[in-house]
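Engineer: please work out how this folds:
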Amino acid sequence: MADLITMPKMSDTMTEGVIVKWNVKVGDTVKSGDIMAEVETDKATMDMEVYSKGTVLHLVVQEGEAVTVDGPIAVVGKEGEDFQSLLSGAATTTSPATTEPAESTPVAAATPAADPVAASVPASTVSDNSTDGRLKASPLARKIAEEKGINLSNVQGTGENGRIVKRDLDNAQPAATAAPSAASTAVFGQESFTEVNVSQMRKTIAGRLAESKFNAPHFYLTIEINMDKASEARAHMNKVSDVKISMNDIVVKACAAALRKHPNINSSWLGTKIRTNHHIHIGVAMAVEDGLLVPVVRFADHKPLAQISKEVKEYGAKAKEKKLQPQDWTGNTFTISNLGMFGIDEFTAIINPPDACILAVGTVKDTVGVVNGEIKPVKTMKVTLSCDHRVVDGAMGASFLQTLKQFLEEPVTLLV
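Structural biologist: Numbers count the residues shown, from 1 in each chain. Next comes the predicted model:
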C-alpha cells in the first residue's frame, strides 16, 4: 500500500515548512534514511529524511511552497499503484514563498488648468467688448498695455460702448504676474511597491515576540557602566589569545557571573510555577537575512572567554548559512541582544521566551565623566534589562545590574 509522506515537525516551534529543494523526482526509488528534500523551517534549512521504501509516485507540492506540519507533501509506493484515494483524504495547505512584484499604476500628481490666464481672472471681467469681434481700446490704452505686458482681452472697458481707456489699466495686472500655471508645477510619478511573502523564520519571530510583548508585563531598567578597564583588559587579552575576544564576549561572561549571584533573574514563568534554573545557558541574538536567531552558549559561567568567543563566532557563521540545528537554539535561560556595533547608544528589547529577562547592550563610546572628583575622558556603555514583572521585581533587576556593573568595571573579578 502506498505511503503518504507528510511535513515533519523539525523544531519545537515549527508550524509549517517550505520545500526549498526536492532531491527526488517522480519515478525515483527511495529507501528509509534517504534525504528526500531540503526544508526551510522557522529557524534553519534542514534535510528531510524519508522513512518509507518504494517509488516516488507523486510530489504534492512544488519547490517554494509552504506546507503545514503533518500536511501531505509526497506519495511513495509500488510503481503503478493507485494513490488518488490516499490524497483525497488529506487536506493540503500550501502557499507560495516567492517574491511577487506588485503592479505599478501611473498617477498624475496634479491636473493642469485648460487656460491658466483665464483661470486667474473672474468670469465677469472677461468679455468681448465688441459686437463685431474687434477689441475696442484707445491708442493710449494699447500703448500702456504693451509697455506693462497686460492682456487687453482680460480687461473690462468702462469707456463708451465698453471701450478700454487709460483708467481701466491702472489696476490691471501684467500677464507675467498672473497666477502661475498649474501645468508648470505639475509632478508626474509612478506609485509602485514590492510585496514579499513572510518567511517561516519571520512568522515565528512575529508570533513569539507578539505573544511575549502582550502576555508578559515588561518593565525596563537602564544603567551606565564605565568600560575603561574592560577595554584595557580586552586589548591585553587579544595580544595573547588565539581567538579574538570581542566586547560582547566579555558581556556574556559577566552576565553569566552575575546570574550565578542572582538566580531569580535566571528564571522563567510557567503559568502556575516559576522555574529557577541552576544552569546558565545564555542566548546571543544574531541578525540574519530573514530575521533573528538566538543560538545558546551553554554553561557560560563555566567557560573561559576564549571558548565563549569561539562558540559565538561558530554560531554566527552557521546562522548566516542557515545551518543551525535545533539543539543550537533551544534551552536558553537568559538572552543578550547587542546593537552596539551599529552605534546604538541604548534600546529596549522584547523578552525572548521562556526567559524572564533580556539584556539590551548599547555601544561603548568615548565621553566625559567624573572620576575620583576629576573630569576625565571615559568609555561608557549603557545596558537595559527588560524584565517580566510576573517573575522579577524592580529591586531584583536593579541588584543584578549593579553586580553586572561591578564585574565589567573590574573585569579582573571575573577570574575569581
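
Engineer: can you give me the helices for the stretch 1-150 of the chain?
Structural biologist: 84-88, 116-119, 139-148 (DSSP state H, counting those that start in this stretch).

Engineer: figure out which of these is closest to residue 392.
Structural biologist: helix 84-88 (51.5 Å; Cβ to Cβ). The way it works is simple: take the backbone N, C-alpha and C, and place the C-beta from them, glycine included.

Engineer: please save the CA atoms from the closest one in CSV.
Structural biologist: What follows is helix 84-88, C-alpha atoms only, in CSV (Å, rounded to 0.1, in the frame of the first residue of the first chain):
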residue,chain,number,x,y,z
GLN,A,84,-5.6,9.1,-5.6
SER,A,85,-7.8,7.8,-2.7
LEU,A,86,-4.9,8.4,-0.4
LEU,A,87,-4.7,12.0,-1.5
SER,A,88,-8.4,12.7,-1.4
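
Engineer: can you tell me what sits against it?
Structural biologist: 2, 4, 58, 60, 72, 75 (Cβ atoms under 8 Å, 6 or more residues apart in numbering).

Engineer: out of the residues you listed, who has the most neighbours?
Structural biologist: The residue in those with the most neighbours, by other Cβ atoms under 10 Å, is residue 75 (24 neighbours).

Engineer: what about it, distance to residue 236?
Structural biologist: 63 Å (Cβ to Cβ, to the nearest Å).

Engineer: residue 201 too?
Structural biologist: From residue 201 to residue 236 the distance is 39 Å (Cβ to Cβ).

Engineer: looking at these two, which one has more neighbours?
Structural biologist: Neighbours per residue (other Cβ under 10 Å) separate residue 201 from residue 236, with residue 201 holding more: 20 against 11.

Engineer: direction included, what does whatever helix or strand residue 222 lives in pair against?
Structural biologist: Counting by DSSP states H and E, the element that carries residue 222 is strand 218-226. In the sheet, strand 218-226 lines up against strand 374-388 (antiparallel) (DSSP bridges).

Engineer: can you tell me the closest non-neighbouring residue to residue 263?
Structural biologist: residue 276 (5.3 Å; Cβ to Cβ, 6 or more residues apart in numbering).

Engineer: and the pLDDT for the one you found?
Structural biologist: Looking at residue 276, its pLDDT is 96.

Engineer: is it correct that it is in contact with residue 266?
Structural biologist: Yes: counting by Cβ atoms under 8 Å, residue 276 touches residue 266, with 6.8 Å between them.

Engineer: can you list the domains in this protein?
Structural biologist: 3-98, 116-184, 211-415 (automatic domain parsing).

Engineer: need the helices for the stretch 151-300 of the chain, in chain order.
Structural biologist: 182-185, 200-215, 228-240, 247-261.

Engineer: need those in JSON lines (columns: mean pLDDT and distance to residue 79).
Structural biologist: Below are the helices of the stretch 151-300 of the chain laid out as JSON lines (pLDDT from 0 to 100; distance: least, Cβ to Cβ, whole Å):
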{"stretch": "helix 182-185", "mean pLDDT": "58", "distance to residue 79": "72"}
{"stretch": "helix 200-215", "mean pLDDT": "82", "distance to residue 79": "34"}
{"stretch": "helix 228-240", "mean pLDDT": "94", "distance to residue 79": "63"}
{"stretch": "helix 247-261", "mean pLDDT": "97", "distance to residue 79": "56"}
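
Engineer: most tightly packed of these?
Structural biologist: helix 247-261 (a mean of 22; mean count of other Cβ atoms under 10 Å).

Engineer: just the angle between that one and strand 374-388, please?
Structural biologist: On the basis of axes from the mean of the first three to the mean of the last three Cα atoms, to 10 degrees, helix 247-261 is oriented at 60 degrees to strand 374-388.

Engineer: helices and strands around helix 247-261, which ones?
Structural biologist: Helix 247-261 sits against helix 228-240, strand 282-284, helix 305-320, strand 334-338, strand 357-361, helix 394-409, with contacts defined as 3 or more Cβ pairs under 8 Å, 6 or more residues apart in numbering; DSSP states H and E.

Engineer: what's the first one packed up against?
Structural biologist: If you count contacts as 3+ Cβ pairs under 8 Å, 6+ apart, helix 228-240 packs onto helix 247-261, strand 374-388, helix 394-409.

Engineer: reformat the ones you listed as TSV; add distance to residue 86.
Structural biologist: Below are the helices and strands packed on helix 228-240 laid out as TSV (distance: least, Cβ to Cβ, whole Å):
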stretch	distance to residue 86
helix 247-261	51
strand 374-388	47
helix 394-409	56
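
Engineer: ranking helices and strands of this structure by mean pLDDT, which lands last?
Structural biologist: Lowest by mean pLDDT, DSSP states H and E among the helices and strands of the chain is helix 116-119, with a mean of 38.

Engineer: circling back: and the domains of the chain, which one averages the lowest pLDDT?
Structural biologist: Ranked by mean pLDDT, the domains of the chain end with domain 116-184 at the bottom, a mean of 63.

Engineer: can you report how many residues neighbour residue 271?
Structural biologist: 6.

Engineer: now it. Its backbone dihedrals?
Structural biologist: phi 90, psi -70 (degrees, to the nearest 10).

Engineer: now stretch 372-387: buried residues?
Structural biologist: 379-387 (16 or more other Cβ atoms under 10 Å).

Engineer: just stretch 19-27 next, same as before
Structural biologist: So, applying 16+ other Cβ under 10 Å, buried residues of stretch 19-27: 19-20, 22, 24.

Engineer: related to what we said a few turns ago, CA-only coordinates of the strand holding residue 222 in CSV, if you can.
Structural biologist: Output in CSV follows, covering the C-alpha atoms of strand 218-226 (Å, rounded to 0.1, in the frame of the first residue of the first chain):
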residue,chain,number,x,y,z
HIS,A,218,7.6,44.2,30.7
PHE,A,219,9.4,46.8,32.6
TYR,A,220,12.9,48.3,31.9
LEU,A,221,16.0,49.2,33.9
THR,A,222,18.9,51.1,32.4
ILE,A,223,22.4,51.6,33.9
GLU,A,224,25.5,53.2,32.6
ILE,A,225,28.8,51.3,33.0
ASN,A,226,32.4,52.6,32.9
